[in-house]
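Undergrad: model this:
(one chain, ligands or ions: 1)
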Amino acid sequence: MNDELILETISVTKNFFGDKSSGVNNITIFIPKGKITAIVGESGSGKTTLLKLLTGTLQPDSGDVFFKQQPLPPRSTGLTAQHATITMVTQDNHDMQMAASVWDNVCKGLPTSDVNYQLQKATQALNLLGIYDLREQPFGKLSGGEKQRVAIAKALINRPEVLMLDEPFNQVDATYREGLQHDIRQIVKEWGITVVLVSHDPAELLSMADELIVIKEGEIVENASPEELYHSPKLLYTAKMLVSCTELTPAEALVCGIKTKRGTVVVYAEHVQIKKSMGKGKWHVKKVLFKGFYEELVIERREVELRVINYKLRKYKKGSTVNIKITKYYEFGKWL
Ligand SMILES: Nc1ncnc2c1ncn2[C@@H]1O[C@H](COP(=O)(O)OP(=O)(O)OP(=O)(O)O)[C@@H](O)[C@H]1O
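TA: Residues are numbered from 1 along each chain as shown. I've put the predicted structure just below:
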């Protein structure tokens, strides 16, 4: 890797109460400076534990965490200059005062109460996140999306070198989310900040991250760019994190018109096309899931289920039948 590294973990293990299936085991990762690295994995896979190790909030049982090639001290020993340059935004807003104004909450992130300094820094941070007009509002009265903007403004006010975001857009509605994601990407690029992001949202992971780290049961299983992992995942687990897809045994594949001797295949929903056909189709439409500008259909034939992305809204009803063509499928390591 040619990128300059800002954070590293070398063979880090952190278990809780001696239970090896909790926390993370033997994690070695490299976080490049000025990039957005996303940690992705199913619930309970160890994402938050890893973030806390990277901020010094948790201490490893074994292994080392380095910030700019220096060991990262535990936060419990007091905030050092290294910690001050790593900030974390979580979903719970536990460090926000609900009755206090946006302005006062954001200013609490500053190291001094000098009024002129506060005026300059808070104005800049609030403008950056597009919430200057909300400065006098009590924090508790804001919407979920506005609260997230305030939390990020507070985290950015001291111009940190690393911003950790744990599911930052969870409570933000879809229309507002894209704007916030775009703004964060913009700020990160302009300021050269490093971001470590935890997310479950495939669209967010693919559009925001420069690097993806895939974690399963406390261990790193894949690590590459979003494009690489989307197009050539080594594991079905990774594919499922990034795309709507179905795994088929050779017998199930045959029901879909795919002959394979090698083993299971994976079909991405976007590679299933509905064909124009006369009369009754072979596949039953079991579910029509509204996704905004497209629908996801769940179709079934001989107990095999497939997912289909359909842009012709309301054309296919639950209970109707269709015929399909699979344009592409994946045998691990190879597209066919
Ligand atoms: N303080 C703790 N005490 C005991 N077990 C813990 C503690 N923190 C985490 N764990 C366990 O360690 C594992 C990883 O937890 P972690 O919160 O890091 O996962 P996660 O991937 O962030 O999950 P989610 O996506 O649900 O937030 C889980 O099995 C969890 O129960």
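Undergrad: contacting residues around the host helix or strand of Lys154?
TA: Element membership of Lys154 [criterion: DSSP states H and E] is helix 144-156. Contact with helix 144-156 is made by 87-89, 93, 96, 102, 105-106, 108-109, 125-126, 128-131, 134, 139, 142, 163, 165, 168-169, 171-173, 176-177, 180, 184, 187, 193, as judged by Cβ atoms under 8 Å, 6 or more residues apart in numbering. The way it works is simple: take the backbone N, C-alpha and C, and place the C-beta from them, glycine included.
Undergrad: Restricted to buried residues, select those residues in ChimeraX.
TA: Typed into ChimeraX, the next command selects the buried ones out of these (criterion: 16 or more other Cβ atoms under 10 Å):
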select :87,88,89,93,96,102,105,106,109,125,126,128,129,131,134,139,142,163,165,168,169,172,176,177,180,184,187,193
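Undergrad: Among the contacts of helix 144-156, name the ones in helices.
TA: The helices, defined by DSSP state H, take in Val102, Asn105, Val106, Ala125, Leu126, Leu128, Tyr176, Arg177, Leu180, Ile184, Ile187 from the contacts of helix 144-156.
Undergrad: so how far is the helix holding Lys154 from its chain's centroid?
TA: The chain centre lies 17 Å from the centre of helix 144-156; the measure is Cα atoms, centre = their mean, to the nearest Å.
Undergrad: can you give me the helices in this protein?
TA: Using DSSP H, helices in the chain cover 47-55, 81-84, 102-107, 115-128, 144-156, 174-191, 202-208, 226-231, 236-242, 250-255.
Undergrad: could I get these as TSV with mean pLDDT and distance to Gly292?
TA: Putting the helices of the chain into TSV (pLDDT from 0 to 100; distance: least, Cβ to Cβ, whole Å) gives the following:
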stretch	mean pLDDT	distance to Gly292
helix 47-55	94	27
helix 81-84	72	41
helix 102-107	93	30
helix 115-128	86	28
helix 144-156	88	17
helix 174-191	81	7
helix 202-208	84	11
helix 226-231	92	20
helix 236-242	90	19
helix 250-255	92	30
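Undergrad: closest to Lys317 out of these?
TA: Lys317 lies closest, by Cβ to Cβ, to one member of the helices of the chain: helix 250-255, at 22.6 Å.
Undergrad: List the beta-bridge partners for Ile67.
TA: Just to correct that, residue 67 is Phe rather than Ile. With DSSP bridges as the criterion, Phe67 is bridged to Leu7, Gln70.
Undergrad: Check what pLDDT it gets.
TA: At Phe67, the model reports a pLDDT of 94.
Undergrad: Please name the residues that touch it.
TA: Here Phe67 is in contact with Ile6, Leu7, Gln82, Ile86, Val162 (criterion: Cβ under 8 Å, 6+ apart).
Undergrad: surely the second one meets Val65?
TA: This means Leu7. Yes. With contact defined as Cβ atoms under 8 Å, Leu7 reaches Val65; the gap is 7.3 Å.
Undergrad: shared neighbours of these two, which are they?
TA: Common neighbours of Leu7 and Val65 are listed as Leu54, Leu72 (criterion: Cβ under 8 Å, 6+ apart).
Undergrad: low pLDDT regions in this structure?
TA: 1-2, 78-79, 81, 171, 332-333 (pLDDT under 70).
Undergrad: Grab the most central residue of it for me.
TA: Ser199 (2.3 Å; Cα atoms, centre = their mean).
Undergrad: correct me, but that one touches Val40?
TA: Yes. With contact defined as Cβ under 8 Å, Ser199 reaches Val40; the gap is 6.7 Å.
Undergrad: hey, what's in contact with both of these two?
TA: Going by Cβ under 8 Å, 6+ apart, residues that sit against Ser199 and also against Val40 are Leu205.
Undergrad: Show me the domain layout of the protein.
TA: 5-232, 244-335 (automatic domain parsing).
Undergrad: Select, out of the ones you listed, the one closest to the ligand.
TA: Smallest distance to the ligand across these (Cβ to the nearest ligand atom): 3.3 Å, for domain 5-232.
Undergrad: what about the closest one and the ligand, any contact?
TA: Yes. On the criterion Cβ under 6 Å from any ligand atom, domain 5-232 is in touch with the ligand at Phe16, Ser22, Gly23, Gly41, Ser43, Gly44, Ser45, Gly46, Lys47, Thr48, Thr49.
Undergrad: Quick check: the first one touching Asn25?
TA: No. Counting by Cβ under 8 Å, Asn25 is not a contact partner of Phe16; they are 11.9 Å apart.
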